[in-house]
Structure formats: structure tokens, C-alpha cells
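S.K.: Test case, fold it:
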Amino acid sequence: MADQLRGDVAGKAAFRVVWGPQRFRLSIGWKTLIAFLIAVFVPLAGITYLTEAALASFTRQHHVSAMTAGLRGALKAHADRLGAVAAVLSYSASNPAVKEAVAEKKRAPLAETLQQHAINLSFVDAWLVIDPKGNVVSRRNGSGGDQVALSGLLSQAANNGFPVTGMEILPRDIFLRENNERYLRLERLVLSHVVLVPVVRDGAVIGALVGVILLDGYDWLPNILHDNAAQDIHMFAALVQESRIVAVTRRPNNIWSEGQLLSAEVNDPLAKGRPFGGTVTINGAEHLLVAEPLLNAQRQAIGSFMVGSRASTIDNQVRSVMGKLYGFILLGGVLALIITLFARRDTVRPIRALVGAMDEFATGNAAVRTEILTKDEFEDLGRGFNRMADAIMAQQEKMENYNSLAKLLITTLNPKGLLKSALEKVIELTNSDLGVVYLMGDGGDILKPFVAHGIDCDALADLSLSDGAAGFAAAERRTVRLKDIPPECYVQTNLGFGRALPREVAAFPITYKEKVLGVMLLATLGNYQEDELPLVEYLTSQIGITLDNALTHEKVERLSVTDGLTGLFNRRHFSERIEEEFSKASRYQTPLSVLIMDVDHFKRVNDTYGHQVGDIVLIAVAQILRQSVRETDLIGRYGGEEFVVLLPHTEMEQAVAVAEKIRKAVSEKLIGEMDGKAVTISIGVAGMDGVEARNVDDLIRHADGALYRAKEEGRNRVVAAGAKVV
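M.R.: The predicted model follows:
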């Protein structure tokens, strides 16, 4: 019977597949077959093609690697021969008798030495002794008197005093003087390898011993590579002088011939001193070729050593492997078709159920769940979908809570109210038991506790950037999470009836545009979930934006009512506040006094020390005023060097005492920028209990008049309206 969808006991829509008797449908079979042909055989054909291409490429690359290794191995064997030549010549060059013979150009003993070397190292074609100018002093046959063009190697050896080897193209006359009959067949210029050992006496090069190995027409080097290669590789080597082959492997089926010219695609990179590796056409057939340039003492390419192999050998290997592969592919295709027919039933319906559930979930029906009982991975997928849906619902609920915090952030521009509300909400969302928000001080190196939950904020000390988790989080600008808090930790949670140490602490830097504004420190008696901390990090970034706006707004408001230099209230704001205080004092019959003061001889300070020092004096006076009055008193800069202090609930006699305290403190303040001198001020005092003031202007006028009298009577004094007090 057909599968059917039904609702579960909770009334939620469910998708379920319960296997029952299956009926074969021809239409589905044909569809399955067509799908199989498209989905299996087409990719198989492509895979087969790619496999063949990859196999051919790999086989050729392997073949090239083998030829490269063989080529370098042959060159190593040749280098060993050169090393043997260098060793025997170095031994002779260090012999005092040889040195004396070279210095005195004694041909006979030198010829005898060279002849002995020729017997031991028969593969060397020419043995020479030359002087520093390249003139031949002696050969093994006793001849000499000619010159050889080895100036590059000779100067190199003379400079460093050590044996040198180099590839050179030399005239055949060098070899004809050794053995005319043997070397008569050579071309006019031949490819040779030269070993030159300097003869040093008393720190100076007096000559050199030379061994020359002829490469032109010499088949030992090509043969050694062929003889040491595996039989199925069929590698054939050749030596090239410039673009013409001068020596080849003497083995059957060789692909090279002496005198054969190289094609431009091979010769051009070799002529520039670069190796060649790739496929070339030789005599109408494709071959693999690897070639290494041979350089002379001037690092110029004068020849090359090549290894080649017929590409048909590789193609035959690939075809053999692919024939077996095609058989396996055919057998695998038949088995895959059978398995496809059976697998179709066990896949299509569960997939449809899952896709249907996903589609309905995507439309917004978050209550959708699946019921798939197939006893395989589809059943696991069904359960996984249900878990995913539950997790999404839970995450959505959590995000709604976090969004509520985001909405809360835009409701206030008061920093304290903002951070208190934000901290309470984060505490609620994370189930934390303790929270503190620190704000960065003006200097950028101190964190000050601002608002707290579960702990007394006033009991917390300021933190430097090296103190605790909060300081470290601010310094590193990253979240810090501490687990297994030790008992000696100073952070404790207030439970209402006692205190307890938290189990975990997390500190989140509050930043905006790379600037650290503060740190939110949370603590819990339980454990934080791994997915909670990233969300809190996101929230603190949002808090940082809003906090920056709030701090900026607060700063703008503060700047609008304060003086930019001293930080005191400006005249406009002070005038508004004194009107308010005068109205209160008049209404409630409470005392109110005002002090107006002026820095004595301030123009002289500016003229003598400059305006910058004048500003320092004004800042110092403002600081003394703050220290000398109560927090409830109002201080303002009235203009230039003139200051005003409003003393609510203060009678005139008390105001005079405050003024005298200020005058004395200013006169005792030494200004370093004024060579350690002090300034003085004159103060006028007026109080509502001592003068007749119908309005603020009357009160200010009385105080201003007292200030004028203080100036006339000698400055550095306090004068009350109607009387003088020194």
C-alpha cells in the first residue's frame, strides 16, 4: 500500500515513511534507467577519458623523471672521473719537485709525471703543464712551446688558488699534439671538459697542471646512462656541441646520429643556459626529451647532454593498462545499474519527505517535524532535521531577547542609565550572577568601575591595563574567559544572604572604531554556554556604538556650558544658574553670596612670559577654586582673567572667609613656568544679607564694586561690599 502523511498526536504536521509492500511501476523503472545512463555512463565516459589522459601524462612525467635522474646520474659518474683527475693533479701540484720543475720549466720531469698520470687515468685525452700566460711548458710526450686558450679557467684558479673544472670548446690542435693519428678525425673545434689545478709557490701561482677529457665523439658518457637504465625505459643519450650532436649511445635502436642538428624548440632554451624537458618530433616520430646545458667558465652554453626515448613505448604501456580498466568499468557499470534499481526505492521517498518538510519550514511553519522510520541514514537525517528545527526555534527565541536589548540601547543617551540597563539585560540573558562595567579613564590607561550588579560598585578599585581579566581584555582588545576561578580571587557575588566565588568569569571589551571605551565583566556560579559568549561579544559591539554616542552627547553638553581652557562654567551658563539660585534664595529667604576675583597684573604676566604661561596661570587658579569650595558651589570664568564663585546658603561673613582662603592659596601657589614665582588675586565679596540687591545685577554690581576697591587699595586682598577685610 502507498505511504501516507498523517498528523502526530500533538496536532503538528509530520512527514513519515513507513515501508510496506512495494509495487513495481514500469514508468519509474524507465525513468531510473534513463537517469542511470545519464548519471553513470556519461560521467564514466568522461572519467575514463580523463583517466587515460592522466595516466598518459603521469606515465610520461614518470618517464621524464626517470630520464632526468639517469641524466644526472651519468653526469655524476662523469663528475667522479673529473674528481679523480683533480685529485691526482692536486697531489702533483703540491709536490716540491713538481713545483721546482714548473718554476724552472723543466720539460722532461714534467712529461714523466704526466705520463704516469696518463697510465693511471687512461680516459684523459690530454695532459698539459702551462705557465701563468697559458703557454704549454710540457705534455706527457715531452712536447711544448705552443699556447692553449684557457685564460678563463686559469684566471679563476689564480684568483682562488684551488682546482677548477669547466666545459670548453677547444681547437683539435691540442689533441693532435698528443697523438696525431688518433685525433686526426676530429673537427676543427671540439667539446671538452678541462680540469685545471694551479701550482702555487711562495704564495704565487707559477703555472698549472691540466687534464682534458674529450667529449666530441666520445661514447662513454652516453653509454653509461643507457646501460644503467631499466630495460623498459629504452633511454638513449647524446652529447651536443652547440646545436649539433657530436657523441651518441652505441646501442641498438638508437634514436640519435652523429652530426644530427637539434630543432629550434630544443636548441633555443639550451643556448640560453636553460634545461629542456618535453615532447619533440624526431624523424617524424614523437619522442620524450630531457636536456641539460653544458656551460663554460664564462657561464655560456657551449653544448648539452640529452636523453631521449620513444613516446610509442609509453603509449603501449598506457593502452595495456587502459584495456584492463575498460573491462572493470564495464563490469562495474552493470553492477551499478542493478544496484541503482534497488537503491532508487530507498532514496527517493525519504528525500521527498525531507524536502517537503524543509519547504514547509521555509514558508514559516516552525512547527513542522518529520517521521522517517527507514532504519538507515535517512532516519538519522529525519531526527537531525527535527533537532535542527528545535535548535532554530530556541535560537530564534534567544535572538529575540537579544534584539530587545538592542532596542533598549536606543532609548537613552545618558551613559550611566544606558550601561545600567544594558548590564541588567545581559545579566538576565546569560544567567550571570555578577556584572561590572568599567569605563576607560581620560588617560586611556585606567579602568574605572561605572555600574555593577551583585556587587558594590563603590567598593571596587580602579584597574590598570595589566590588572585582572578586565584589564587584560582592554589591553588585548579581545574577550577573556576564565574557568575554575581560584578561591583567592577577589571577585565575589552577593547572594543576598552571603557571598560566593563565581565558577566562571568573562570580560568583554567595549570598543568603537578601534578605541576601547570600557569593559563588561560577567561572572556566574554555573557555566557559560559556548554559543553565549559570541552573542555577548556582538552585543558589546552594539553597546560600544551607543555608548560612544552617549559619551559624545554628554561631552557636547558639557562643552556647551563650560570654558574650554579652565573647564569652569562659562559666563552664559553661569548667568543662567545664578538667576536660578537668586530666585530660590529670594523665595525661601536663604542666604546667597557671590565672589568676583581678578588675577593681579595679568597683562604683565602675558607680556613677560607669554600667553601660554598666562593660560597655565588661569588653569592653576581654576584648580585652586575647585579645591577651595564645596561641590554645591558654582564656579565660572567671567571673562579674561576674571572668575566668579556663587555660594548658596552662605552668609556674607562666611563668604569673606572662603575668599580669604582662596586668596591665600593662590598667593602660595608657585608657578614653575614663571621661574617659581606666584601670582596674587583681588576678590570682591557681596551677600544678600549684607547689601541691598533687588535682582542678580544688583548683587553682581556690589561684588564688582568691592573688587574695584580691592584693586585701588593695593591688590592681593579681599574686600566685602561696604567694608574691607584683609
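S.K.: looking at this, Thr370 is in a helix?
M.R.: No. Assigned with DSSP: H, G, I helix; E, B strand; the rest coil, Thr370 falls outside any helix and is strand.
S.K.: What number of residues are in the vicinity of it?
M.R.: Counted with other Cβ atoms under 10 Å, residues neighbouring Thr370 total 25. (Glycine included, C-beta is placed from N, CA and C.)
S.K.: the helices in the stretch 151-300 of the chain, which residues?
M.R.: Applying DSSP state H, counting those that start in this stretch to the stretch 151-300 of the chain gives helices spanning 151-160, 173-176, 220-228, 264-271.
S.K.: what's next to the last one, contact-wise?
M.R.: Counting contacts by Cβ atoms under 8 Å, 6 or more residues apart in numbering, the residues outside helix 264-271 that touch it are 240, 242-243, 262, 275-276, 280, 289, 291, 293, 301, 304, 306.
S.K.: give the contact list for Trp220.
M.R.: Phe123.
S.K.: now the contacts of helix 264-271 as TSV including distance to Arg182, pLDDT and neighbour count?
M.R.: TSV is the format used below for the contacts of helix 264-271 (distance: Cβ to Cβ, whole Å; pLDDT from 0 to 100; neighbours: other Cβ atoms under 10 Å):
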residue	distance to Arg182	pLDDT	neighbour count
Val240	23	68	28
Glu242	24	70	17
Ser243	27	78	17
Leu262	28	79	23
Pro275	33	88	13
Phe276	33	86	19
Val280	35	85	17
Leu289	32	82	23
Ala291	29	84	27
Pro293	29	84	21
Ala301	28	81	19
Ser304	26	80	27
Met306	26	81	24
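S.K.: Kindly indicate which of those lies nearest Val658.
M.R.: Pro275 (96.5 Å; Cβ to Cβ).
S.K.: burial count for the closest residue to the closest one other than its chain neighbours?
M.R.: Nearest residue to Pro275 in three dimensions, chain neighbours excluded: Glu292, at 5.2 Å (Cβ to Cβ, 6 or more residues apart in numbering). Glu292 has 20 neighbouring residues, counting by other Cβ under 10 Å.
S.K.: Wait, Glu292 touches Gly277, no?
M.R.: No. With contact defined as Cβ atoms under 8 Å, Glu292 and Gly277 do not form a contacting pair (9.6 Å).
S.K.: Stretch 166-184: end-to-end distance?
M.R.: Counting by Cα to Cα, to the nearest Å, you get 24 Å between the two ends of stretch 166-184.
S.K.: Ok, stretch 426-445 next?
M.R.: Note: stretch 426-445 ends 26 Å apart using Cα to Cα.
S.K.: what comes up buried for that stretch?
M.R.: For stretch 426-445, the neighbour count (16 or more other Cβ atoms under 10 Å) marks 426-427, 429-430, 432-440 as buried.
S.K.: Next, count neighbours for Glu178.
M.R.: Close neighbours of Glu178, defined as other Cβ under 10 Å, add up to 21.
S.K.: swap in Leu330?
M.R.: Applying other Cβ under 10 Å, we find 11 residues neighbouring Leu330.
S.K.: Which strand or helix spans Met520?
M.R.: strand 515-524 (DSSP states H and E).
S.K.: what's the closest of the contacts of helix 264-271 to Ala74?
M.R.: Nearest to Ala74 among those, with distances taken as Cβ to Cβ, is Met306, at 11.0 Å.
S.K.: So in this structure, which strand runs the longest?
M.R.: strand 189-201 (DSSP state E).
S.K.: and for Glu292 and Gly277, which residues touch both?
M.R.: By Cβ under 8 Å, 6+ apart, no residue touches both Glu292 and Gly277.
S.K.: I'd like the distance between Phe450 and Ala506.
M.R.: From Phe450 across to Ala506, the span is 18 Å (Cβ to Cβ, to the nearest Å).
S.K.: could you say what helices and strands the helix or strand harbouring Ala69 packs with?
M.R.: Ala69 belongs to helix 42-93 when assigned by DSSP H and E. Judged by 3 or more Cβ pairs under 8 Å, 6 or more residues apart in numbering; DSSP states H and E, helix 42-93 is in contact with helix 107-120, strand 189-201, strand 204-214, helix 220-228, strand 276-282, strand 285-295, strand 301-310, helix 311-362.
S.K.: angle of the longest strand of the chain against strand 301-310?
M.R.: Interaxial angle of strand 189-201 relative to strand 301-310 (axes from the mean of the first three to the mean of the last three Cα atoms, to 10 degrees): 130 degrees.
S.K.: residue ranges for the helices of the stretch 601-726 of the chain, please.
M.R.: Taking DSSP H, counting those that start in this stretch as the criterion, the stretch 601-726 of the chain carries its helices at 602-609, 611-628, 652-668, 696-712.
S.K.: Make JSON lines out of those and add mean neighbour count and mean pLDDT.
M.R.: Shown next, in JSON lines, are the helices of the stretch 601-726 of the chain (neighbours: other Cβ atoms under 10 Å; pLDDT from 0 to 100):
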{"stretch": "helix 602-609", "mean neighbour count": "15", "mean pLDDT": "88"}
{"stretch": "helix 611-628", "mean neighbour count": "17", "mean pLDDT": "88"}
{"stretch": "helix 652-668", "mean neighbour count": "19", "mean pLDDT": "91"}
{"stretch": "helix 696-712", "mean neighbour count": "19", "mean pLDDT": "90"}
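S.K.: Of all the residues in the very next helix or strand once past the helix holding Ala69, which ones are buried?
M.R.: The element immediately downstream of helix 42-93 (helix or strand, assigned by DSSP H and E) is helix 96-104. Within helix 96-104, the residues that count as buried by 16+ other Cβ under 10 Å are 98-99, 101-102.
S.K.: contacts for helix 96-104?
M.R.: Everything outside helix 96-104 that qualifies as a contact, by Cβ under 8 Å, 6+ apart, is 92-93, 106, 109-110, 113, 129, 131, 137, 199-201, 206-207, 209.
S.K.: Ok, stretch 116-126 next?
M.R.: By Cβ under 8 Å, 6+ apart, stretch 116-126 touches 81, 84-85, 88-89, 92, 127, 139-140, 174-175, 178, 183, 192, 210-214, 220.
S.K.: buried residues in that stretch?
M.R.: Buried residues in stretch 116-126 (16+ other Cβ under 10 Å): 117-118, 121, 124-126.
S.K.: related to what we said a few turns ago, of Phe450 and Ala506, which one has the most company?
M.R.: Ala506 (24 against 19).
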